[in-house]
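Participant: I would like to see how this sequence folds:
(3 chains)
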Amino acid sequence: MPELAEAEFYRKRWHQAAVGRRITTVRLHPAANVFRGTDAAALRRALAGARLLSSAAQAKQMLFQFRGDAWVGIHLGMSGELRVEPVGYVPQRHDHLVLGTARHQLVFTDPRMFGRVQWHRGATPPGWWTRIAPPVLSPAFTAEAVAAFLRRRARAPLKAVLLLQERFPGVGNWMADEILWRAALHPRRRAGSLRPAEVQRLWRECRQVCRSALATIAGRGAHLPPSLNAQIPRTWLFPHRWLDGGRCPRTGGRLVRAAVGGRTTCWSPLRQKL
DNA sequence: GTGCTTGTTGGCCA
DNA sequence: GTGGCCAACAAGCA
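Facilitator: Take a look at the predicted model:
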């Protein structure tokens, strides 16, 4: 599941169902771990009766703005998901936040609870939102900025560096593999060892993968696909990376899987050399 | 039972 | 002080 695009996908799902509508019921368990560091009881009071005004997605996070200076931030963690259910829906075991409107129930579900719900009251968006690093597709994400970051993390493997949200916001495990595969760079390459042309390639593919991932969910209007996985073309590494005996769509050679930087990583040895 | 898993954080160590 | 590595968080799945 796309990391960056996943946040946008789920944001849209809630937004289309409920923007402009009033929240009539709020169901949550304040003690649930997904509310760590947040006053969940205050969140419940603030949202009851409030209208959803707008929403945004950035990196792996979503922000929902409600009338009354109330902001709700959601991070999906490893297993979080936003769903829209009918009015009579009965919350299940891992449904941690359920917002009811006259037409729908907005559900945040997360079995592993690495995800997070944050609440903020104020006229402007909260710091935990505005402090997210500039998007990969923004003008601030320059090849020079990437080069400087690689120098600072010179001894770390590329794979680990791509997962650092302070420079590559929204890039997760599969996107990092996809980027390195397209750029023909081995995930174990030390960040400081790249030649200028390689840095340029890495920068370009970061942007291309983010753009393509977002494009798979754009222009679908209200008809969002049930799953994003099925939307990813076979020409990407993504549909092949978890298959045992999977083959590289470009070389036809065997794909390899191993832990790099502590994370399961897939690459194409014929294409990505140390 | 074992050993994985799309993310992030804090502690330890060089 | 900085950067790199790893365990921990919790639950489900093969």
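
Participant: Can you name the residues of chain A that neighbour DNA strand C?
Facilitator: With CB under 7 Å from any atom of the strand as the criterion, chain A comes near DNA strand C at residues A:33, A:78, A:93-94, A:111-114, A:152-157, A:160, A:191, A:261-262. For glycine as for every other residue, the C-beta is placed from the backbone atoms N, C-alpha and C.

Participant: change it to 10 Å
Facilitator: Contacts of chain A with DNA strand C, taken as CB under 10 Å from any atom of the strand, map to A:32-34, A:36, A:77-79, A:92-94, A:110-114, A:149-157, A:159-161, A:164, A:166, A:188, A:190-192, A:259-263.

Participant: Just the buried residues of the residues you listed.
Facilitator: A:32, A:34, A:94, A:110, A:113, A:149-150, A:153, A:156-157, A:159-161, A:188, A:190-191, A:260-261 (16 or more other CB atoms under 10 Å).

Participant: Go through the residues you listed and flag which are in strands.
Facilitator: Secondary structure from DSSP state E places A:Val260 of those in strands.

Participant: ok, and of the buried ones among the residues of chain A next to DNA strand C, which contact DNA strand B?
Facilitator: Okay, of these touching DNA strand B (CB under 10 Å from any atom of the strand), that's A:Met113, A:Ala160, A:Gly261.

Participant: So A:Trp129 lies in a strand, does it not?
Facilitator: No: counting by DSSP: H, G, I helix; E, B strand; the rest coil, A:Trp129 is not part of a strand but helix.

Participant: who's in contact with it?
Facilitator: Contacts for A:Trp129 (CB atoms under 8 Å, 6 or more residues apart in numbering) come out as A:Gln58, A:Gln61, A:Leu63, A:Trp71, A:Gly73, A:His120.
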